[in-house]
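Novice: model the structure of this input:
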Amino acid sequence: MTQRHERISMNRALEETRLRGLHWRVWWLSAMGVFLDGFDLFVIGVALPLIAREFVPNPFITGLIGASAVLGSVLGGFLGGCFTDRYGRKSLYLVDLGFFIVFGLLSAASWDVWSLILFRFLLGVGVGVDYPICASYVSEFMPSRIRGKMLIGAFSFQAVGMLSGAVAGVIILHLFPDSGAWRWMLGAGVVPAVIVLVMRTTVPESPRWLIDKGEFKKAGEIIARIVPELRDRVDAIVADTRARSRQAQKTVMGYGHLLKKQYLRRTILAVVPWFLMDIATYGIGLFTPTILAIITYDNETNFILKDLAATRGAAYLDIFLIIGFLLNIWLVDRWGRIRLQILGFGGMALGLLILSAATGTAGDGRASLYLVIPGFVLFNLLMNMGPNATTFILPAELFPTSMRASVHGIATSAAKLGAALGIFLLPILKADAGIPVTLLVVAAAAVLGLIVTALFRINTTGRSLEDINPGDVR
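Specialist: Take a look at the predicted model:
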């Protein structure tokens, strides 16, 4: 950004700068929080059959083990969003990883199913807290022209985490080919979490949050680090932004505002599609190895070999999750969030219909693969090219700074509630009605997500946060 003599505000300085080292550090450390969520999601899916062999839980308890971390993230998302708006982005940025580390280790050391469920729930609280913090951090630091790409780039690390979890599962099963290998799997994510926690201590508070709280001098110091060519003008920018803040008519908003006419459309668009999408994402993602084992490895009698083969197959399919995110990064600021979300929900539904048809050929490995591979590829590719990415972006863009993390936390909680329903209820539905019906129910949720997105669409692509939310100080 070149020197200018015209008046420029702090937020405008953030919008017009080029990317620098601090931007990339904030982005990468936020992305690694999402990575840990993806890693844990897939590792527990690989570990569940081994846990079931050691503790022999009934189907209800098995579902509860799988859903416990996600249920914890429902609470974590809500509390994390609220506390992040109140106490700042950075303080919660550290606390959430502390939860992940402590309860990740305790999960690996669990002595029975109930201790495992408790520790997984508390680990999930940390995971849930991380979502609204990371989304707020990235959206508030990045220029509007590339905000979508940077948000999706960070969120795409969920797929990297899932693939890494699959690879870790395969390696651990090779090194420890017995039912106790699940303990190593659940503890494996602690190592990267410790590294990221230490590095997160080096990033500053969000200057937009400081501006919203009236901490103009502190915000100016951080902006001088982000835009060093404005360092000699920071005092004037601080004075100008303070004056604009006095002129702005700012209203302290509570959660009740989300249901009023001004914000209801935004609230529905931010919350409902993400809830529906996570029913499919977690329900299908967590049980991908199980589905593969039933459909394509049904004749394998050795338990460890069957779990290993299904995990390898799931790892190959997860590559298309990464490809989907790459396509979204390329298209999100070209086609827009809404178009990709609608297209993605449609592709997910079609992929699930193909998978449902594949269950009719279970036991015939070659015939099954002709349908299973295209079904999973289409589901994974279009999910991450569309709603799994865009539902993460929209809550971070649709609301003002004073409520951004809180609303993203509510949306996160709703999404994780959908995930918990998918993880907990789909195995029960599978046992009672079979895989074809289960997949059709999930496909119906994807179609409903498409309809809600089309009805309540709001365009945020390429617009500054202050243009989307005029109440924020410019």
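Novice: please make it C-alpha for all contacts and neighbour counts, starting now.
Specialist: Fine.
Novice: how far away is the residue lying closest to residue 146 once chain neighbours are set aside from residue 144?
Specialist: Counting by Cα to Cα, 6 or more residues apart in numbering, the nearest residue to residue 146 once its immediate chain neighbours are dropped is residue 333, at 7.3 Å. Per Cα to Cα, to the nearest Å, residue 333 is found 10 Å from residue 144.
Novice: so what does residue 88 look like in phi/psi?
Specialist: Dihedral pair for residue 88: phi 110, psi 160, per degrees, to the nearest 10.
Novice: thought it was touching residue 208?
Specialist: No: using Cα atoms under 8 Å, residue 88 is not in contact with residue 208, being 10.4 Å away.
Novice: looking at the two, which is more packed in?
Specialist: For residue 88 versus residue 208, neighbours defined as other Cα atoms under 10 Å are more numerous around residue 208 (25 against 19).
Novice: need the pLDDT of the more buried one.
Specialist: Here, the pLDDT recorded for residue 208 equals 81.
Novice: same question, the one 5 residues further on
Specialist: pLDDT recorded at residue 213 is 79.
Novice: count of neighbours near residue 353?
Specialist: Number of residues near residue 353 (other Cα under 10 Å) recorded here: 22.
Novice: relative to residue 443, how far out is it?
Specialist: 7 Å.
Novice: so what sits against both of residue 333 and residue 144?
Specialist: Shared contacts of residue 333 and residue 144, defined by Cα atoms under 8 Å, 6 or more residues apart in numbering, comprise residue 462.
Novice: can you give me the helices for the stretch 151-300 of the chain?
Specialist: Using DSSP state H, counting those that start in this stretch, the helices of the stretch 151-300 of the chain run over 157-175, 182-187, 190-200, 207-212, 216-226, 234-247, 261-286, 288-296.
Novice: and the second one, C-alpha only, in PDB?
Specialist: In other words, helix 182-187. Provided in PDB are the C-alpha atoms of helix 182-187 (Å, rounded to 0.1, in the frame of the first residue of the first chain):
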ATOM      1  CA  TRP A 182      -6.300 -47.100  20.100                       C
ATOM      2  CA  ARG A 183      -4.500 -45.400  23.000                       C
ATOM      3  CA  TRP A 184      -1.600 -44.400  20.800                       C
ATOM      4  CA  MET A 185      -4.100 -43.100  18.300                       C
ATOM      5  CA  LEU A 186      -5.900 -40.800  20.800                       C
ATOM      6  CA  GLY A 187      -2.700 -39.500  22.200                       C
END
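Novice: low-confidence regions, the stretch 301-450 of the chain specifically.
Specialist: Scanning the stretch 301-450 of the chain for pLDDT under 70 picks out 301-318, 359-369.
Novice: verify the stated contact: residue 384 with residue 325.
Specialist: Yes: taking Cα under 8 Å as the definition, residue 384 is a contact partner of residue 325 at 5.1 Å.
Novice: ok, and the closest non-adjacent residue to residue 338?
Specialist: Using Cα to Cα, 6+ apart and skipping the chain neighbours, the partner closest in space to residue 338 is residue 457 (6.4 Å).
Novice: how about that neighbour, secondary structure?
Specialist: At residue 457, secondary structure determined by DSSP: H, G, I helix; E, B strand; the rest coil is coil.
Novice: distance of it relative to residue 339?
Specialist: Distance, residue 457 to residue 339, using Cα to Cα: 9 Å.
Novice: again, but for residue 263
Specialist: 21 Å.
Novice: so which of the two has more stuff around it?
Specialist: Relative neighbour count places residue 339 above the other of residue 263 and residue 339, with 18 against 15, counting by other Cα under 10 Å.
Novice: now do the same contact list for the more buried one.
Specialist: If you count contacts by Cα under 8 Å, 6+ apart, then residue 339 has nothing around it.
Novice: element containing it?
Specialist: Residue 339 is part of helix 337-358 when elements are defined by DSSP states H and E.
Novice: in the helix or strand that comes right after that helix, what's buried?
Specialist: Sequence-wise, the next helix or strand downstream of helix 337-358 (DSSP H and E) is helix 365-385. Going by neighbour count (16 or more other Cα atoms under 10 Å), the buried part of helix 365-385 is 368-369, 371-385.
Novice: helix or strand right after helix 365-385?
Specialist: Once the chain leaves helix 365-385, the next helix or strand it forms, by DSSP H and E, is helix 387-397.
Novice: related to what we said a few turns ago, give the burial count for the residue nearest to residue 338, as a bare number.
Specialist: Neighbour count of residue 457, defined by other Cα under 10 Å: 19.
Novice: state the pLDDT value of it.
Specialist: The score at residue 457 is 90. That number is its pLDDT.
Novice: isn't residue 420 up against residue 72?
Specialist: No: the pair residue 420 and residue 72 fails to qualify as a contact (Cα under 8 Å) at a distance of 9.5 Å.
Novice: and residue 455, how many neighbours?
Specialist: Neighbours of residue 455 under the rule other Cα under 10 Å: 11.
Novice: from residue 385, how far off is it?
Specialist: To residue 385, residue 455 is 20 Å away according to Cα to Cα.
Novice: same check, this time on residue 161
Specialist: Counting by Cα to Cα, the gap from residue 161 to residue 385 is 17 Å.
Novice: buried set for stretch 428-447?
Specialist: Neighbour-count burial for stretch 428-447 flags 428-429, 435-436, 438-447 (criterion: 16+ other Cα under 10 Å).
Novice: an error on my part: the question was meant for stretch 115-124.
Specialist: 116, 117, 118, 119, 120, 121, 122, 123, 124.
Novice: touching that stretch from outside, list them.
Specialist: 64-65, 68-73, 76, 99-104, 106-107, 110.
Novice: now, of those, which are buried?
Specialist: Applying 16+ other Cα under 10 Å to the contacts of stretch 115-124 flags 64-65, 68-73, 76, 99-101, 103-104, 106-107, 110 as buried.
Novice: among these, which ones are in strands?
Specialist: Among the buried ones among the contacts of stretch 115-124, no member is found in strands (DSSP state E).
Novice: pLDDT on the helix ranked longest in the chain, on average?
Specialist: For the chain, the helix reaching the highest residue count under DSSP state H is reported as helix 21-55. Averaging the model's pLDDT scores along helix 21-55 yields 83.
Novice: elements contacting that helix?
Specialist: Identification of packing neighbours for helix 21-55 by 3 or more Cα pairs under 8 Å, 6 or more residues apart in numbering; DSSP states H and E yields helix 59-87, helix 113-141, helix 147-155, helix 157-175, helix 182-187, helix 190-200, helix 261-286, helix 303-331.
Novice: lowest average pLDDT across those?
Specialist: helix 303-331 - the lowest mean pLDDT of the helices and strands packed on helix 21-55, at a mean of 70.
Novice: show me what stretch 399-411 is in contact with.
Specialist: The contact list for stretch 399-411, computed with Cα under 8 Å, 6+ apart, reads 77-85, 128-129, 131-133, 135-136, 208-209, 212, 253, 270-272, 274-275, 395-398, 465-466, 468-469, 471-472.
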